[in-house]
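Student: One predicted model, sequence on top.
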Amino acid sequence: MNKQNGTFNQEYARQLDQNDPLARYRDEFYIKEGTIYFDGNSLGLLSKRAEQTLLDLLHSWKTLGIDGWTEGDNPWFYLSESMGDQMAPLVGATNEEVIVTGSTTSNLHQLTASFYQPGGKKTKILTDELAFPTDIYALQSQLKLKGMDPSEHLVKVKSTDGHTVDEDDIIQAMSDNIALIVLPSILYRSGQILDMERLTKVAHKRNILIGFDLCHSIGSIPHQLSEWEVDFAFWCNYKHLNGGPGAVGGLYVNKRHFGKDPGLAGWFSSRKDKQFDMEHNLTPAEHAGAFQMGTPHVLSMAPLIGSLSMFNEAGIEQIRSKSLQLTGYMLDLIDHKLKDYGFTVRNPMEDEKRGGHIFLEHPEAARICKALKSHQIIPDFRSPNGIRLAPVALYNTFEEVWLVLEKLKQIMDDEEYKKFENKRGVVA
Ligand SMILES: *Cc1c(COP(=O)(O)O)cnc(C)c1O
């Protein structure tokens, strides 16, 4: 970015907004008057389209009753599949490889139950020591269910700096006794992007299956899961995809695994035309739909219908391009304004390695976040000393990035954060 003098004033930020091809989407969101919301990587905001499709769904219930399963604009019986079609472009997969179902945690359970088949020397699961706790808990319990001791059979690749994981170290750890690898596409704290294509290639050469947790990458960066031949993936839809609190999640299974029995079966794993035959022998769907279990949480899927229409209209490449511009601009401002205040930037600096948020560390992070909140700026505190700032392409502006950095500098200059306790809340 151009580092001339003018680059750091508010006028420059406004110019960037004027030239932003995605600017029109901001008006489609409910943004609380006077607030700057930089927490879209934890819970995305409500859009008018998402609100409308939720209301439409309630209307179909109101007017159709039981017939809503097969009638109306979005028949509930096929909604997981039709939403999967809408999501496929976001993960770079065919429609049949994607299904909207479950949650991150339940989908990881399902996929591990299906793909972790220890045998002979291959008994271990490989992950990384910075993984999100729910992923670790799920893997530990899946190991126990197969009679394996997690302390021996769950291998966690070490981080050398406490923030990022070196892909060479992951590759090094892909030894003969690894049966399955589960890694994040983007690390939830530092925002580091792992090279999924490279890791998949090496894993397959060593006869290991590999899956990714896309919670922080879905709706934020493009993926080519089919082309990269990733075996499976799973994610939530309430972060960058703005599907609402507790939105139904999603999963992807590569087509070469179609026909594989789901580890955790239920009647929605069934081929659709067979489901109501009510037989006691399951005929699984011949696509990713086989990894569903029970009745979909239709009301928690409805906002996604509207939200996904926005992503498909705007295009994930365009969204990524603005996101990189926003975080790049923020990094420039941090470098310019926040040098002498004890902040450390912990996200990777390179575009190819940097996800959709900036991760700052500071010993006073908890109360700096509280001070920001007292000014209606919503960051995301991560214990013990992390501040995540997510300027989101569809609804945040360059001027907001500028304003947040101005405020942060002022809070540090005035030591305003000292008015608050350096302690986290229950949800943080
Ligand atoms: C948000 C997140 C989760 C959350 O899982 P849920 O089942 O939706 O509660 C899991 N893993 C990662 C990496 C996340 O960022």
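Tutor: Thanks, I have it. Numbers count the residues shown, from 1 in each chain.
Student: which residues in the stretch 201-350 of the chain form helices?
Tutor: 225-228, 272-275, 302-314, 316-337 (DSSP state H, counting those that start in this stretch).
Student: tell me what the longest one is packed against?
Tutor: Same thing as helix 316-337. Helix 316-337 sits against helix 10-18, strand 358-361, helix 398-413, with contacts defined as 3 or more C-beta pairs under 8 Å, 6 or more residues apart in numbering; DSSP states H and E. In short, each C-beta sits where N, CA and C put it, glycine included.
Student: among those, which is the most enclosed?
Tutor: Of all the helices and strands packed on helix 316-337, strand 358-361 has the most neighbours on average by mean count of other C-beta atoms under 10 Å, namely a mean of 22.
Student: Just the residues contacting it, thanks.
Tutor: Contacts to strand 358-361, defined as C-beta atoms under 8 Å, 6 or more residues apart in numbering, come from residues 163, 189-191, 327, 330-331, 334, 343-347, 382, 385-391.
Student: residue contacts, the most centrally placed residue in the chain?
Tutor: The centroid of the chain falls nearest to Cys215 when counting by C-alpha atoms, centre = their mean (2.1 Å). Residues in contact with Cys215 (C-beta under 8 Å, 6+ apart) are Thr104, Phe132, Pro184, Ile186, Tyr188, Trp235, Cys236, Lys239.
Student: from memory the third one sits against Leu194, does it?
Tutor: Yes: the pair formed by Pro184 and Leu194 meets the contact definition of C-beta atoms under 8 Å, at 6.8 Å.
Student: intersection of neighbour lists for those two?
Tutor: By C-beta under 8 Å, 6+ apart, Pro184 and Leu194 have these common neighbours: Phe212.
Student: Got the confidence number for Asn2?
Tutor: pLDDT recorded at Asn2 is 49.
Student: Helix, strand, or coil at Ile387?
Tutor: Of the three states, Ile387 takes strand according to DSSP: H, G, I helix; E, B strand; the rest coil.
Student: what pairs with it across the strands?
Tutor: With DSSP bridges as the criterion, Ile387 is bridged to Leu360, Phe381.
Student: measure it to the ligand for me?
Tutor: Remark: distance between Ile387 and the ligand (C-beta to the nearest ligand atom, to the nearest Å) = 17 Å.
Student: Tell me how many other residues crowd that residue.
Tutor: 24 (other C-beta atoms under 10 Å).
Student: again with Asn237
Tutor: Asn237, neighbours per other C-beta under 10 Å, totals 29.
Student: and the chain, which residues reach the ligand?
Tutor: Near the ligand, the residues belonging to the chain are Ser103, Thr104, Thr105, Phe132, Thr134, Asp135, Pro184, Tyr188, Asp213, Cys215, His216, Cys236 when assessed by C-beta under 6 Å from any ligand atom.
Student: Looking at the fifth one now. What's its pLDDT?
Tutor: The score at Thr134 is 98. That number is its pLDDT.
Student: surely it meets Thr104?
Tutor: Yes: Thr134 is within contact range of Thr104, at 6.8 Å (criterion: C-beta under 8 Å).
Student: The two - which one has more neighbours?
Tutor: Thr104 (23 against 15).
Student: any idea how far Pro296 is from Asn9?
Tutor: Pro296 is 50 Å from Asn9, where distance means C-beta to C-beta, to the nearest Å.
Student: Of the two, give the one with the bigger neighbour count.
Tutor: Higher neighbour count among Pro296 and Asn9: Pro296, with 22 against 11, using other C-beta under 10 Å.
Student: For the nearest residue to the more buried one once chain neighbours are set aside, what is the enclosing helix or strand?
Tutor: Counting by C-beta to C-beta, 6 or more residues apart in numbering, Pro296 lies nearest to Ser80, which is 5.0 Å off, once chain neighbours are set aside. Assigned by DSSP states H and E, Ser80 belongs to helix 79-91.
Student: Show me what that helix is packed against.
Tutor: Using 3+ C-beta pairs under 8 Å, 6+ apart as the contact test, the elements touching helix 79-91 are strand 98-100, strand 250-253, helix 302-314.
Student: For stretch 29-49, output the C-alpha coordinates as PDB.
Tutor: Written as PDB, here are the backbone C-alpha positions of stretch 29-49 (Å, rounded to 0.1, in the frame of the first residue of the first chain):
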ATOM      1  CA  PHE A  29     -27.300  -5.400   7.400                       C
ATOM      2  CA  TYR A  30     -28.600  -4.300  10.800                       C
ATOM      3  CA  ILE A  31     -25.800  -2.400  12.300                       C
ATOM      4  CA  LYS A  32     -26.600  -0.800  15.600                       C
ATOM      5  CA  GLU A  33     -26.500   3.000  15.300                       C
ATOM      6  CA  GLY A  34     -23.200   4.400  16.600                       C
ATOM      7  CA  THR A  35     -21.400   1.100  17.000                       C
ATOM      8  CA  ILE A  36     -18.500  -0.400  15.100                       C
ATOM      9  CA  TYR A  37     -18.800  -4.100  14.900                       C
ATOM     10  CA  PHE A  38     -15.500  -5.900  14.500                       C
ATOM     11  CA  ASP A  39     -16.600  -9.300  15.800                       C
ATOM     12  CA  GLY A  40     -18.100 -10.900  12.600                       C
ATOM     13  CA  ASN A  41     -15.700 -13.800  12.900                       C
ATOM     14  CA  SER A  42     -17.400 -14.800  16.200                       C
ATOM     15  CA  LEU A  43     -21.000 -14.000  15.400                       C
ATOM     16  CA  GLY A  44     -21.900 -12.400  12.100                       C
ATOM     17  CA  LEU A  45     -24.600  -9.700  12.000                       C
ATOM     18  CA  LEU A  46     -28.200 -10.100  10.800                       C
ATOM     19  CA  SER A  47     -29.000  -9.100   7.300                       C
ATOM     20  CA  LYS A  48     -32.400  -8.000   6.000                       C
ATOM     21  CA  ARG A  49     -32.300 -11.000   3.500                       C
END
